[in-house]
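Here's a sequence, model it:
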Amino acid sequence: MNHALGLIIESLVAVLLVLTIGYCMLLNARLKRLKSDEHSLKAVIAELITATEIAERAIGGLKLAVRDVNENLGNQMSAATQMSEQLKRQLIESDNVVRRLSKIASAARPASAPAEAEPAPAFVATPAPAPAPAPVTGARAVAAAAQAFSERRRSGGLAA
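The predicted structure is shown next:
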């Protein structure tokens with residue numbers, strides 16, 4: 001009986017060793033799969049780090065571009081504001097010149113001369129047609145000179 005009990009114990013140990021070897025083979029397969037996943041995960045992490053660095057450089061470039069555009073836009077806005085103010089002043093001055101010329105022309109007309117039916121518009125894109133020939137008087141000469149002066153002023157030419 002001694003031998004039978006020893007044989008049973010030895011058989012039980014052998015079965016347990018076979019089960020342990022089988023389980024170790026199963027664990028080995030899982031560890032290999034985990035190792036291969038680790039390598040692919042390292043590759044993904046490396047790609048992610050590279051993409052992050054590229055994005056950081058691109059963001060830095062965009063910040064510089066925004067700063068440059070903002071600076072240029074600010075300069076252009078201030079230049080446009082100055083130009084607008086200058087144009088306003090020139091328009092006001094040209095209005096004053098036209099008023100003075102109109103006063104000169106109306107003062108030069110004789111009091112008994114009939115007023116013209118309609119005055120010419122202040123800003124005409126095309127020159128007004130020449131009036132019918134009439135006897136030239138001092139007042140008409142001054143009015144014609146004022147009209148020519150305002151036409152040259154409007155068209156960008158130099159006024160005398």
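
what packs against the one helix or strand residue 66 maps to?
According to DSSP states H and E, residue 66 maps onto helix 2-108. Other elements packing on helix 2-108 under the criterion 3 or more C-beta pairs under 8 Å, 6 or more residues apart in numbering; DSSP states H and E are helix 138-154. (Glycine included, C-beta is placed from N, CA and C.)

quick one: the helix it packs on to helix 2-108, angle?
Orientation check (axes from the mean of the first three to the mean of the last three C-alpha atoms, to 10 degrees): helix 138-154 against helix 2-108 gives 170 degrees.

what helices or strands is helix 138-154 leaning on?
helix 2-108.

who touches the residue most central in space within the chain in this structure?
Taking C-alpha atoms, centre = their mean as the criterion, residue 69 is the residue nearest the geometric centre of the chain, at 7.8 Å. For residue 69, the contact set (C-beta atoms under 8 Å, 6 or more residues apart in numbering) is empty.

measure it to residue 60 for me?
Distance, residue 69 to residue 60, by C-beta to C-beta, to the nearest Å: 15 Å.

just residue 20 next, same as before
Separation of residue 20 from residue 60 (C-beta to C-beta): 58 Å.

before we move on, what about residue 33?
Distance of residue 33 to residue 60, given as C-beta to C-beta: 41 Å.

State the number of residues packed around residue 80.
The number of residues packed near residue 80 is 10, by other C-beta atoms under 10 Å.

I misspoke; the intended subject was residue 143.
Neighbour tally, residue 143, other C-beta under 10 Å: 20.

Ok, the one 3 residues further on next?
The burial metric for residue 146, expressed as a neighbour count using other C-beta under 10 Å, is 20.

My guess is it contacts residue 105. True?
Yes. With contact defined as C-beta atoms under 8 Å, residue 146 counts as touching residue 105 (4.8 Å).

With residue 64 as the reference, measure out to residue 99.
From residue 99 to residue 64 the distance is 53 Å (C-beta to C-beta).

That should have said residue 50, apologies.
Using C-beta to C-beta, residue 50 is found at 22 Å from residue 64.

can you check residue 82 too?
Distance from residue 82 to residue 64, by C-beta to C-beta: 27 Å.

How much space separates residue 49 from residue 40?
Distance from residue 49 to residue 40, by C-beta to C-beta: 15 Å.

Also residue 100?
Applying C-beta to C-beta to residue 100 and residue 40 gives a distance of 88 Å.

ditto for residue 63
Distance, residue 63 to residue 40, using C-beta to C-beta: 35 Å.
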